[in-house]
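**Student:** Only the shape, not the letters, is given here:
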């Protein structure tokens, strides 16, 4: 077999990169669990008709077939596809298990998803998402729309310790936009949102032309929409700024007021609990039409071109079984995008590429069981250890540890009164040691993830 | 949307079941890392021609296509399939990254795999495997064949604490079987192994008939093969028993002696380090033709009909790039099979279904920020907390906690000199508490996984 080459869009990491990814996942899991979110996993596949319900993502779905499918097989009809996000499967899981869940149901879910898109920098065909959502049966109070982005702010904030740049969570509220547009007299709300969503890509004049052409806006209405989109700010002054634009354009609508009250509450709480992280940005539109309240996007400061690394919003109908409607609010972190930038831009590193803190040297193959016993004694005390692969010369065994970044090599005594010895191969210092009591310094116990410069 | 029904062969767990699965995965990960195995993940897909190299599994592979595939797309030629195990992807990963890995390379890998087989009890179309392997560039010393099953014995032994039944790891050595068959004068070694592999299913007389018909064995040779397969034992006496069968049948071959030395070393080491767990069982054949030394299967004692929950072996050629050959040895735990039995047979349970140890009550919606502050203070000290979803009557808030199994409810003081109060809703005991110092008893901090009877 010739040396295989990577598949574009399907990222994989070397062992030290995986340590970084695993650390990110561990931090996310711990944060989510500290906030009382229960972890679930759903199967990777969903019936194709469910995946295509929203229509717009159809081109991205990977469809499955069994290689030697029996044409008479009963499951041939219900074709399966790989999920392209964790929201569609979660909605299905909620409906399927509603009788066994306590609502409001707080869940996190960290899994791979697949999209058959053209791969680009930070855009993959297979990638890991980490989602948190709260879903209610019936009513979902607004305060969850405040809580969820703050959970993500905490998780991403914790990762700053290892070298993640600061994040900025951009928030908006669909009610503000919709109320404003309706107050202006525009009725094609989705059309306007789609236009505004293109602002960063095509610029103001082109968006204005689009709004005039596609949504029937007058040049003045189009300009008013651009003026609204230009509003941003990290405190409640943003509410006044929106009111000012609305008053100037005669846009008055109860939905606008409702949305402003919510947006104001969010920036107020965020200023208190995650100062400097959450910014109201009225141009955040998010294409997906199922959002009905708050919407969120998140940029890495200094890496804005990477796109959003954590997005989501409120949906009044995450799922419905006819009798009960399940509204929800949630955000999703693009873990692979994040990790790929952390590694690709050289922002973080693992202190070593293997778990082992200690390599136990082997004096002779006959004596290997003694080395294994020392290793077992250290492991029983929570110290990660491997035993040298061969009874080579000690110099070679030390180089074996060195190549892996294993900081300590353990040498067995020749028997008699002598103690074993442990050598820190970085400093060369060697001291007598007892497997029942010796431990490496805490910072050497496990590989750590640290900012690349440190 | 009508209430969806589960897809046969694609298991999913409710939140408390996922806690059990997550605990199993955590124990495996920790054990593997204590033994110095580096974690990796590979993409879910491999080129179809790689997946089909071994031929025999072709019917099980799920093939991917993009829903709106461009017929001119360059990647149409290289069709992709979902991996059906973690060995094929690992071999590809080793070849692809050989220049960046230090050999012998110790890796663990815990991921989902997919097989389009007919679902049965304990046999799924999507399931989680947990693999450990050591792979070398060039030579792989035999001692790794002793080490790897003992790593699995330790991992599975640790799970006995939570209610996993004891396991029995059945080991054999291909060299013993091949040497014995060749010593008898039989040359179709693979044919004999395939026949012996059916012993449990079709019984001795049918296997004898098969050997006579398909491998050209005489009735005496067939009987000798059955006599060898009948040998088993947990100590070195098994080596003498094999020698006795060999002598009786005039089966003499250098490979037999080499295999017996290896098998003897394995049971000797296992008796010392995992007494009672490893049993030499000469009928273990394992169908796959790439095993060349030790082979392993593992049964749950009392659940033997479930089939093997942890299998593997030694392969002289895990991968090869023409100039270098990479031999390996490894085992794979069928995590989904294991967890499905733990849950389905009611062997284990989680002490609660949510992470939260504390529900902070909300006195009024205006006062929610104070409840959030208490929650943040507790979380900062590592205590999992959620805040009540609404400022309902306290009785209702307590019922909310009770339904989730959250043991403690926190009540804010009305202000002034009074302290907050925390109530253990199981005992009804309520005590003054300070969010800066109070902690739940250690056993209530996180949900635990315990034997179902406890």
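**Tutor:** In hand now; what should we look at? This structure is a prediction, so every number in the text was calculated from the model and none was measured. Numbering: from 1, shown residues only, chains lettered A, B, ... in the order given.

**Student:** Please count neighbours and contacts with C-alpha atoms only from this point.
**Tutor:** Noted.

**Student:** And the residue nearest the centre of chain A?
**Tutor:** Compute the mean C-alpha point of chain A, and by Cα atoms, centre = their mean the closest residue is residue A:333, 2.4 Å away.

**Student:** wouldn't it be in contact with residue A:149 here?
**Tutor:** No - taking contact to mean Cα atoms under 8 Å, the distance of 10.9 Å between residue A:333 and residue A:149 leaves them out of contact.

**Student:** Tell me how many other residues crowd residue A:118.
**Tutor:** Neighbour count of residue A:118, defined by other Cα atoms under 10 Å in any protein chain shown: 11.

**Student:** quick check, it in a helix?
**Tutor:** No - checked against DSSP: H, G, I helix; E, B strand; the rest coil, residue A:118 lies outside a helix; its state is coil.

**Student:** can you pull the contacts of it?
**Tutor:** Contacts for residue A:118 (Cα atoms under 8 Å, 6 or more residues apart in numbering or on different chains) come out as A:9, A:124-125.

**Student:** Got phi/psi on residue A:192?
**Tutor:** Backbone torsions for residue A:192, taken as degrees, to the nearest 10, come to phi -60, psi -40.

**Student:** who's in contact with it?
**Tutor:** With contacts defined as Cα under 8 Å, 6+ apart, the neighbours of residue A:192 are A:211, A:215.

**Student:** what about it, distance to residue A:313?
**Tutor:** Between residue A:192 and residue A:313 the distance, using Cα to Cα, to the nearest Å, works out to 18 Å.

**Student:** ok, and for stretch A:398-417, which residues are buried?
**Tutor:** For stretch A:398-417, burial by neighbour count (16 or more other Cα atoms under 10 Å in any protein chain shown) applies to A:398, A:400-402, A:404-412.

**Student:** Over to stretch A:150-163?
**Tutor:** Burial within stretch A:150-163, assessed by neighbour count using 16+ other Cα under 10 Å, is assigned to A:150-159, A:162-163.

**Student:** Break chain A down into its domains, please.
**Tutor:** Chain A breaks down by automatic domain parsing into domains covering A:15-166+A:301-349, A:358-451.

**Student:** how far out from the middle of the chain is the first one?
**Tutor:** Its chain's C-alpha centre and that of domain A:15-166+A:301-349 lie 8 Å apart, by Cα atoms, centre = their mean, to the nearest Å.

**Student:** got a pLDDT number for residue A:374?
**Tutor:** The confidence metric pLDDT takes the value 97 at residue A:374.

**Student:** just checking, it is part of a helix?
**Tutor:** Yes - the secondary structure assignment for residue A:374 places it in a helix, going by three-state DSSP.

**Student:** show me the contacts for it.
**Tutor:** By Cα under 8 Å, 6+ apart, the residues touching residue A:374 are A:360, A:435.

**Student:** got it, and the one 3 residues further on?
**Tutor:** Contacts of residue A:377 were listed using Cα under 8 Å, 6+ apart, and they are A:435-436.

**Student:** next structured bit after the helix or strand where it lies?
**Tutor:** With elements taken from DSSP states H and E, the one containing residue A:377 is helix A:368-380. Using DSSP H and E, the next helix or strand after helix A:368-380 towards the C-terminus is strand A:385-387.

**Student:** Show me what that following strand is in contact with.
**Tutor:** Contact with strand A:385-387 is made by A:355-362, A:371-372, A:375, A:378-379, B:34-36, as judged by Cα under 8 Å, 6+ apart.

**Student:** what's the answer for stretch A:412-420, then?
**Tutor:** Taking Cα under 8 Å, 6+ apart as the criterion, the residues outside stretch A:412-420 that touch it are A:361-363, A:371, A:410-411, A:421, A:432-434.

**Student:** Please enumerate the strands of the stretch 51-200 of chain A.
**Tutor:** In chain order, the stretch 51-200 of chain A shows strands spanning A:62-66, A:80-82, A:105-114, A:126-135, A:167-173, with DSSP state E, counting those that start in this stretch as the criterion.

**Student:** Make a markdown table from these and add mean neighbour count to it.
**Tutor:** What follows is these, written out as a markdown table (neighbours: other Cα atoms under 10 Å in any protein chain shown):
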| stretch | mean neighbour count |
| --- | --- |
| strand A:62-66 | 21 |
| strand A:80-82 | 23 |
| strand A:105-114 | 21 |
| strand A:126-135 | 24 |
| strand A:167-173 | 25 |
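
**Student:** Tell me which of the ones you listed sits nearest to chain B.
**Tutor:** Shortest distance between chain B and those, using Cα to the nearest Cα, is found for strand A:62-66: 4.5 Å.

**Student:** I'd like the average pLDDT over the closest one.
**Tutor:** Along strand A:62-66, the predicted confidence averages to a pLDDT of 89.

**Student:** could you give the angle of that strand to strand B:62-66?
**Tutor:** Orientation check (axes from the mean of the first three to the mean of the last three Cα atoms, to 10 degrees): strand A:62-66 against strand B:62-66 gives 150 degrees.

**Student:** who does strand A:62-66 touch, helix- and strand-wise?
**Tutor:** The helices and strands touching strand A:62-66, judged by 3 or more Cα pairs under 8 Å, 6 or more residues apart in numbering or on different chains; DSSP states H and E, are strand A:80-82, strand B:62-66.

**Student:** Report the inter-axis angle for that strand versus strand A:105-114.
**Tutor:** Between the direction of strand A:62-66 and that of strand A:105-114, the angle (the same axes, to 10 degrees) works out to 80 degrees.
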